[in-house]
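Asker: no sequence for this one, just the structure:
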């Protein structure tokens, strides 16, 4: 991971990848091995838990896609960005802003998610 | 510190308190002793450094006041809020969104600031 845009693009791609093996590989590429995620509804620590958490979200929202709506805006080892979740061809049903801390190798170390619009 | 609104109100009050002793006391009330702050332009760790950092910002912007413009929006031990910086009776010259991690006692453990509008 050489820059903030790349890691955030990979993060969004991870949430959209529904093939289990490909998703698991993207999680491991995007997150540090001991990364953590916390939002008002979900949490996970480490590659396995984060992958399982994303898989559960995908089951909850079949045929929906995440898209970046603002950012990434980064400084030092911190980054923020906003996203939308929408069914194919329809308006967004959820939106949020995530704050992330990056590991020294550029992977995501920690994510805190906030909801701007709740499904 | 019993709730998120109180700690964020104290945080804004700290940035606006220009009496050195009162400001130092507010910093110690609002931040954990080993708290850290990081934005694109400033950083500090611990009560003394954070107080000195805020004092320097106040010198840079005399007769300006910080005001909360959105939030606080919190979950778990995380909170986000947005602020404006304006000269007395005039439009804002700077704005930002801060993301904070709270200590177990409710004080601020860590702040990451992002700029929405730069002075």
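Answerer: Yep, it's here. Since the structure is predicted, the reported quantities are computational estimates derived from the model, not experimental observations.

Asker: what's the longest helix in chain A?
Answerer: Secondary structure assigned by DSSP state H gives helix A:46-60 as the longest helix of chain A.

Asker: which strands and helices sit next to that one?
Answerer: Applying 3 or more CB pairs under 8 Å, 6 or more residues apart in numbering or on different chains; DSSP states H and E, one finds that helix A:46-60 makes contact with helix A:4-16, helix A:20-30, strand A:31-38, strand A:43-45. All C-beta spots, glycine's among them, are computed from the backbone N, C-alpha and C.

Asker: that one vs strand A:31-38, what angle?
Answerer: 60 degrees (axes from the mean of the first three to the mean of the last three CA atoms, to 10 degrees).

Asker: give me the next element, helix or strand, following helix A:46-60.
Answerer: Next helix or strand after helix A:46-60 toward the C-terminus (DSSP states H and E): strand A:64-75.

Asker: what does that next one contact?
Answerer: A:4-5, A:8-9, A:12, A:15-16, A:79-88, A:93, A:95, A:97, A:102, B:38-40, B:114 (CB atoms under 8 Å, 6 or more residues apart in numbering or on different chains).

Asker: likewise for stretch A:7-18?
Answerer: By CB under 8 Å, 6+ apart, the surrounding residues in contact with stretch A:7-18 are A:1, A:23, A:26-27, A:29-30, A:54, A:57-58, A:65-68, A:71-72, A:79, A:81, A:83, A:98, A:100, A:102, A:106-108, A:111.

Asker: so which of the helices and strands packed on helix A:46-60 is nearest residue B:46?
Answerer: Counting by CB to CB, residue B:46 lies closest to strand A:31-38 out of the helices and strands packed on helix A:46-60; the figure is 24.6 Å.

Asker: now for the closest one, which elements pack on it?
Answerer: strand A:43-45, helix A:46-60, strand A:108-117.

Asker: ok, that strand: who's next to it in the sheet?
Answerer: When pairing is defined by DSSP bridges, strand A:31-38 lines up against strand A:43-45 (antiparallel), strand A:108-117 (parallel).

Asker: kindly reformat those as CSV containing mean pLDDT and mean neighbour count.
Answerer: What follows is the strands paired with strand A:31-38, written out as CSV (pLDDT from 0 to 100; neighbours: other CB atoms under 10 Å in any protein chain shown):
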stretch, mean pLDDT, mean neighbour count
strand A:43-45, 98, 17
strand A:108-117, 97, 19
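
Asker: and these as JSON lines, adding distance to residue B:48?
Answerer: Shown next, in JSON lines, are those (distance: least, CB to CB, whole Å):
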{"stretch": "strand A:43-45", "distance to residue B:48": "33"}
{"stretch": "strand A:108-117", "distance to residue B:48": "27"}
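
Asker: so which of the ones you listed comes closest to residue B:119?
Answerer: strand A:108-117 (25.3 Å).
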